[in-house]
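> Need the 3D shape of this:
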Amino acid sequence: MAPVEKGNWKDLVNGGVLQCLEAATLGMPFEVWKTRMGKFRNESTTEAFVNVYRRGGIPAFWQGVSAKMVESASKGAVLLYSKELIFDAMRNAGASETASGFVAGAGAGVCQTVVMGPCTFLVTCVVTSQDKSITMGGKMKEVWRAQGVKGFYPGGTAIAFRQASNWASRQGLTEFVRNQIKTKVHKNEKAKLSVAEEACAGII
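As a prediction, this is how the structure comes out:
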């Protein structure tokens, strides 16, 4: 992701919209499929796919989509906004773009966990439950009555570490490649990259 203006409110909108589009298309079906395989480890990849389909046909691959949309909108907004703020702070402190990218990615990944944990938990519960009558609202009430807020964050520490390492490597390596394009191709560390070059840096 390319650096943008510090604290720009558009980061919140752009991050949320991008994450929702990703989840609403192929993101959600793969998430459901993956969750099924993680819960029922005795099933092969194909068996897990077939069993999800048998549960409710094509719509079954979008089970828990309401919670996923909330998660995607909020975690995307939080990720992009916090990443840019941390990145700017690191750059102002004199850190290199690559180092700033790694730190900003890690920090933003941890920030994501605050909104990602509960939604991931609810989607997992609905997808893996043997009770087809279970609803998102019903599960939320059940967990809230039993454990309160804490009940929505099982494995929260592990999720935080995963997101931190995930986004640290993504953002750090992206900034490294961006810097290489600036210095090797444009011969100028302050050069403005084209959309294609920005995309290339992210893909690599």
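> just checking, Gly156 touches Val114?
No. Under the criterion of CB atoms under 8 Å, Gly156 makes no contact with Val114, lying 9.1 Å away. In short, each C-beta sits where N, CA and C put it, glycine included.
> and the gap between Thr157 and Phe40?
Thr157 is 25 Å from Phe40, where distance means CB to CB, to the nearest Å.
> meant to ask about Glu197, not that
44 Å.
> Next: Trp33.
As judged by CB to CB, Trp33 and Phe40 stand 11 Å apart.
> okay, the two: which has more neighbours?
Comparing Trp33 with Phe40 by other CB atoms under 10 Å, the one with more neighbours is Trp33, at 18 against 12.
> The more buried one sits in which helix or strand?
Element membership of Trp33 [criterion: DSSP states H and E] is helix 28-39.
> and what of Lys187?
Using DSSP H and E, Lys187 falls within no helix or strand.
> State the pLDDT value of it.
Listed pLDDT for Lys187 reads 84.
> now do Met1
In this model, Met1 is scored at 45, pLDDT.
> low pLDDT regions in the protein?
Scanning the chain for pLDDT under 70 picks out the ranges 1-9, 11-12, 67, 131-132.
> Can you check which helix is longest in it?
helix 97-128 (DSSP state H).
> Which SSE is immediately downstream of it?
Using DSSP H and E, the first helix or strand after helix 97-128 is helix 136-147.
> Can you point out the buried residues in that next one?
Using 16 or more other CB atoms under 10 Å as the test for burial, helix 136-147 gives 136, 139-140, 143.
> Please name every helix or strand in contact with the helix or strand containing Phe49.
Secondary structure from DSSP H and E places Phe49 in helix 45-56. In terms of contacts (3 or more CB pairs under 8 Å, 6 or more residues apart in numbering; DSSP states H and E), helix 45-56 is packed against helix 28-39.
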